[in-house]
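Student: How does the following fold in three dimensions:
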Amino acid sequence: MSHTPLGEICVSLGILTPAEVGVVLDRMAQPGSAGLRFGEVAVGLGVLDDAGLSRALAQQFRLNLVPDDRVDKLQIAADVLGLVPTALMRERLLVPTFMDAERRVLSLLTSDPTDITALRHVQSATQASRLRLFIASKPALRRLLDRVVPQSAIDAVAAPAVPEAREVDPGDTLTLLVEPDAGMAAALRRLESLEGGEAEVVSEPQAVAALLGPDRQVRLFYRRANARQLDPYLAGWRKACARLHLCPIDAFGLSGRSAIPEDRGRSFFLQLTEFLLLSGESRQMDARARVRRTARLAHALAEDLELRPEDRDAVQLAALFCDVDELSLISGMLDSRDEGRRFALALTVLRQFDPPWDIEGLLAGVERRLSGQEAPGRDVRAEILYTARAAVRASVVDGGDPVQALGAEAARHDARVLRALAQVLRRQGLVHQVAAGGGGSSAVIVAEREAAVLTALEARLGSAGFDVVVAADGEQAAQLARNMVPAAVVANLRLPRKDGISLLLELRRHENTRHIPVLLITDKGGGARDVARGLELGAEDVLEKPIHPDVVVAKLRRSIARRPASSVGIAGTLADLSLIDLLQTLTLGGKTALVQVTSAGEPGGVQVREGQIVAAQHGRRTGEEALYSLAALEEGRFEVRFDDTGADNIHGQAEFLLLEALRRRDEARVSQGG
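Tutor: Residues are numbered from 1 along each chain as shown. This is a model prediction of the structure:
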């Protein structure tokens, strides 16, 4: 699951400028900042205050914000406060405000909705069936705790008191590497010594507590594979150190830490590479679309085949570069050593940047496969890239049959990768159907002259669940609209061959396209005349540059939502699309739908209303427990009908419910050895 980045939310709320966001991101990119989060860095730099951070978090997680003045006036019953251990309230800034005794729902104030471990402890301590979260700022929560928890109760707590926040001298910062494997821990110590590092390497988790202290800021790195082994110690470590930052990583690399410790860091690098490669090229739209489609399909195949994160990145990066010779932006750079090679220009460019992955070896493997020098199956990464390129060139569509589309060539592909391709296409096809609302297309035709704007729109619309189809000019956009009848069209007013107004008029003249929402974009300084003319002729809206992609997404969703609803069912299997992914698609799209699930056990269903999960039933279970039970199913079938039964037995935020469902499902898989 993904969230809108906190920096982007702060800009939209007007509490940070883009320049200030850049300062925070630069600080986070510096050595020694791994594990720090955007909000805490922004507050530490003084560009964001606690009240602003609370507003942004409430927006990010769609939770209610309680202003400081209301927190200061809260009166909380002593029996409610007594439900949660005082140490836990103090350490994690969690304050219970009300317990619905009949439904066992606890209302809770928190400054950090991502602290799932603490929330689980509260739920366990109070035996609540569900938590209803509200956001409040840290200073307000501290003042509230000072007022409602007697000093005698604080003194009675055996755990050491958590000191008030203060400026921390860099010398107080401690970096810990916890590695239970003694051999690897010894290797890490040697690596730290050779590099002149100052991290403490510990192989016995019991020894960590002796290195902690209430006045120290500690960054503790550990491998995700060891998370369950270290979980029993976390509560004690947090009690001993209020400023403990946990930094789970996939693997230890240079400097003892992961070279790229966060998934978002890798994702940002790949997206930036893609943007730089493609945004400067406006003449070859077909090549742009093909490169992007190949990269996305290759990454999806790598995920489905459960490749290591670094191998997924290598495949996606190679997919972006392997057809770079079709883009004239960097022509004339060929290295003489690469003359005659299939991926000559890609190799020339990549060599200049010395990527951390063996892209040259990967492209060489694909070259051998294309020339028939190597049989299928030797390198699964090369097979993924080989198959993704072939599928895109054969115009395999989401939900389609790759074997049929590839024809006789299908026999030359690795069977395992072909099966994964069929699975990925089925899943993507189902996601697009659900995102479209049933019975309609999820495709959006985009015709824009400025390559940077086009790239940004492609990326944002794609992440919002739309199937983006790029048109090189107005004439091609009109032809595509007639052939595919998309969900919407986004077009610049000034396009070659047929401008945006002419495109709009043509679509309105034909019966099968007159209902298509058209969003027009005018260049900066286009003036009120362009806006007025577009609106008079039936455009959904006319936006003046610079535009924000999120605004485009919101307007498209609003326009598409006004189409006549279809109750035609969409059916599939949980093996093709998990219930969590299905519900996330529905909630992100603000849909109203009933999802019915059948499996070998008891039938069940989930009701989504305007993007919120409002009811669930699984056999005799109801409410959240039914939702979590259904989400854990690995096999079975589902059917989505865009109806509303009126049922209502869940009142939590969809984002939090799906996070909890995902946590429980993953926990169950680990306990079963899967």
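Student: OK, contacts around Leu574?
Tutor: For Leu574, the contact set (CB atoms under 8 Å, 6 or more residues apart in numbering) comprises 597, 599, 633-638. Backbone N, C-alpha and C define where each C-beta goes, glycine included.
Student: just His413 next, same as before
Tutor: Here His413 is in contact with 376, 383, 386-387, 390, 406 (CB under 8 Å, 6+ apart).
Student: Could you do Lys555 as well?
Tutor: So Lys555 contacts 519, 540-541, 543 (CB under 8 Å, 6+ apart).
Student: do the same with Leu520
Tutor: Neighbouring residues of Leu520 by CB under 8 Å, 6+ apart: 491-493, 500-501, 504, 530, 534, 539, 541-543.
Student: right, and out of the contacts of His413, which lies closest to Ala344?
Tutor: Tyr386 (17.8 Å; CB to CB).
Student: What count of nearby residues applies to the closest one?
Tutor: Neighbours of Tyr386 under the rule other CB atoms under 10 Å: 25.
Student: correct me, but it touches Glu367?
Tutor: No - assessed by CB atoms under 8 Å, Tyr386 is found out of contact with Glu367, at 9.7 Å.
Student: pLDDT score for Gly471?
Tutor: I think there's a mix-up here, since residue 471 is Ala and not Gly. The per-residue pLDDT reported for Ala471 equals 82.
Student: ok, it - how many residues close by?
Tutor: Residues near Ala471, counting by other CB under 10 Å: 24.
Student: Am I right that it is in contact with Arg482?
Tutor: No - here Ala471 lies out of contact with Arg482, judged by CB under 8 Å, at a distance of 12.0 Å.
Student: secondary structure element for the closest residue to His299 other than its chain neighbours?
Tutor: Using CB to CB, 6 or more residues apart in numbering and skipping the chain neighbours, the partner closest in space to His299 is Gln316 (4.3 Å). Assessed by DSSP states H and E, Gln316 sits inside helix 309-321.
Student: for that helix, which positions count as buried?
Tutor: Using 16 or more other CB atoms under 10 Å as the test for burial, helix 309-321 gives 310-321.
Student: Mind putting these into JSON lines with pLDDT?
Tutor: Converted to JSON lines, the buried residues of helix 309-321 look like this (pLDDT from 0 to 100):
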{"residue": "Glu310", "pLDDT": "75"}
{"residue": "Asp311", "pLDDT": "83"}
{"residue": "Arg312", "pLDDT": "84"}
{"residue": "Asp313", "pLDDT": "82"}
{"residue": "Ala314", "pLDDT": "85"}
{"residue": "Val315", "pLDDT": "90"}
{"residue": "Gln316", "pLDDT": "86"}
{"residue": "Leu317", "pLDDT": "84"}
{"residue": "Ala318", "pLDDT": "88"}
{"residue": "Ala319", "pLDDT": "89"}
{"residue": "Leu320", "pLDDT": "83"}
{"residue": "Phe321", "pLDDT": "80"}
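Student: From the rest of the structure, what touches the helix or strand hosting Leu480?
Tutor: Leu480 belongs to helix 474-484 when elements are defined using DSSP H and E. Defining contact as CB under 8 Å, 6+ apart, one finds that helix 474-484 is touched by 441, 443, 445, 447, 469, 471, 486, 489, 491, 495-500, 502-503, 506-507, 510, 512-513, 516.
Student: Only C-alpha atoms, please: export that helix in PDB.
Tutor: This file holds the C-alpha atoms of helix 474-484, laid out as PDB (Å, rounded to 0.1, in the frame of the first residue of the first chain):
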ATOM      1  CA  GLY A 474      -5.200  15.700 -32.000                       C
ATOM      2  CA  GLU A 475      -6.000  13.600 -35.000                       C
ATOM      3  CA  GLN A 476      -4.500  10.400 -33.400                       C
ATOM      4  CA  ALA A 477      -6.400  11.200 -30.100                       C
ATOM      5  CA  ALA A 478      -9.700  11.400 -32.100                       C
ATOM      6  CA  GLN A 479      -9.000   8.100 -33.800                       C
ATOM      7  CA  LEU A 480      -8.100   6.400 -30.600                       C
ATOM      8  CA  ALA A 481     -11.300   7.800 -28.900                       C
ATOM      9  CA  ARG A 482     -13.500   6.400 -31.700                       C
ATOM     10  CA  ASN A 483     -11.800   3.000 -31.600                       C
ATOM     11  CA  MET A 484     -11.600   2.400 -27.800                       C
END
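Student: Since that was my last question, I'll sign off now.
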